[in-house]
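Peer 1: Predicted structure and sequence below. I'll ask about it afterward.
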Amino acid sequence: MNIYNLRYFVTLARIRQYTKAAEELCITQPSLSHAISQMEKELGVKLFEKNGHKITLTQFGEEFLSYAEKTLDVLDDGIASIKRSAMGNGTIRLGLVRPLGISYVPRMAAAFIKKNPKLDIDFTFHTDVTGRLLDDMQLGKYDLLFCSEEYHFTAEPVMKQRLVLITSKGHPLAKKMKRSINLAETAGYSYVCFDKNSGIRSIFDEMLKKADITVKVAYETEEDQVIAGLVANGFGIAVVPYMDILEKMSVEIFEIESPEYERSFYMVNDNSTYMSPAVETFRNFVIENTSVLTAL
């Protein structure tokens, strides 16, 4: 039994007349009669019986009609949903590191919706550290990531990040007159660090290697603002992304003059999985509207 036969049956059940039903279906009356006959043969029961010039449903026809209508309703809803997605509508699942969730990603999503008012677009936003985001992308949980590493996925650079060293107000380094520092000068001081799942941790470790120093890692955590809070209260010093909130906290901020570093953010997608039209359109929008710049 095919979908056409179901539609023939439902139409005939509604019109109750072979000639008119065939006209509405744009098929010949013999073709309609043959289709109904085949269905009855397959089901093993009569679906229609004659009543003068019209036909009526048998008790089996009445029962089968409810199933056929439900089946066609579900199928039609599915077809309509897929067609909407093909036109660029749908849900875009984003994974992102917290710094990009403060301004950059919300700004891009809002601008995309504003530019495409006729599209029915929904976004989902999930924040986490880069390592877990990349693991979850492999499991198919996200369409696009905004994070600090690309792993083996396809990646487009979208932003560079400014890193700074912070200390508490009473820390010995805070007595320096200049507001820039070589990390080699921090040897011997305890650090509060991002945990090893964070993309920034590998960059920090590489910076220490370039500075040819080892430091004591006193505490590890995931959140940049938590790190800043610990530093403000004397738990150690830290290398963190610059945030406006640092200016309001009890910390000293130093530009890092050496070693050189590059902290970039990427938009990441998995080329081995299908990208819906909505996701592809948004990805192209981000590429077209992003300059690789130092903004954080």
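Peer 2: Right, received. Where do you want to start? Note that this is a predicted model, so its numbers are computed, not measured. Numbers count the residues shown, from 1 in each chain.
Peer 1: Could I get the contacting residues of the closest residue to residue 53 other than its chain neighbours?
Peer 2: Once flanking residues are discounted, residue 53 sits nearest to residue 17: 7.6 Å by CB to CB, 6 or more residues apart in numbering. Heads up, the C-betas are built off the backbone N, CA and C, glycines and all. Listed by CB atoms under 8 Å, 6 or more residues apart in numbering, the contact set of residue 17 reads 53-55.
Peer 1: Looks like residue 278 contacts residue 91 (just checking).
Peer 2: Yes - using CB atoms under 8 Å, residue 278 is in contact with residue 91, at 7.5 Å.
Peer 1: Which one's more surrounded, those two?
Peer 2: Neighbours were counted for residue 278 and for residue 91 using other CB atoms under 10 Å; residue 278 has more, 25 against 14.
Peer 1: can you pull out the helices in the chain?
Peer 2: With DSSP state H as the criterion, the chain has helices at 3-15, 18-25, 29-43, 59-86, 98-102, 104-115, 130-138, 199-211, 224-232, 277-289.
Peer 1: From residue 147, how far off is the residue of the chain positioned farthest from its centre?
Peer 2: In the chain, the greatest distance from the average C-alpha position (CA atoms, centre = their mean) is reached by residue 52, at 60.8 Å. Per CB to CB, to the nearest Å, residue 52 is found 72 Å from residue 147.
Peer 1: what's the lowest-pLDDT member of the contacts of residue 17?
Peer 2: On pLDDT alone, residue 53 ranks lowest of the contacts of residue 17, at 74.
Peer 1: what about that one, distance to residue 36?
Peer 2: Shown here: residue 53 relative to residue 36, a distance of 17 Å by CB to CB.
Peer 1: Neighbour count for those two, which is higher?
Peer 2: Between residue 53 and residue 36, counted using other CB under 10 Å, residue 36 has the larger neighbour count: 22 against 7.
Peer 1: Pretty sure the more buried one sits against residue 12.
Peer 2: Yes - assessed by CB under 8 Å, residue 36 is found in contact with residue 12 at 6.6 Å.
Peer 1: okay, and the common contacts of those two?
Peer 2: By CB under 8 Å, 6+ apart, the residues touching both residue 36 and residue 12 are residue 48.
Peer 1: Would you enumerate the residues in contact with the residue lying closest to residue 145 once chain neighbours are set aside?
Peer 2: In space, and not counting its chain neighbours, residue 145 is closest to residue 268: 4.1 Å by CB to CB, 6+ apart. Residue 268 makes contacts with 134, 137, 144-147, 150-151, 153-155, as judged by CB under 8 Å, 6+ apart.
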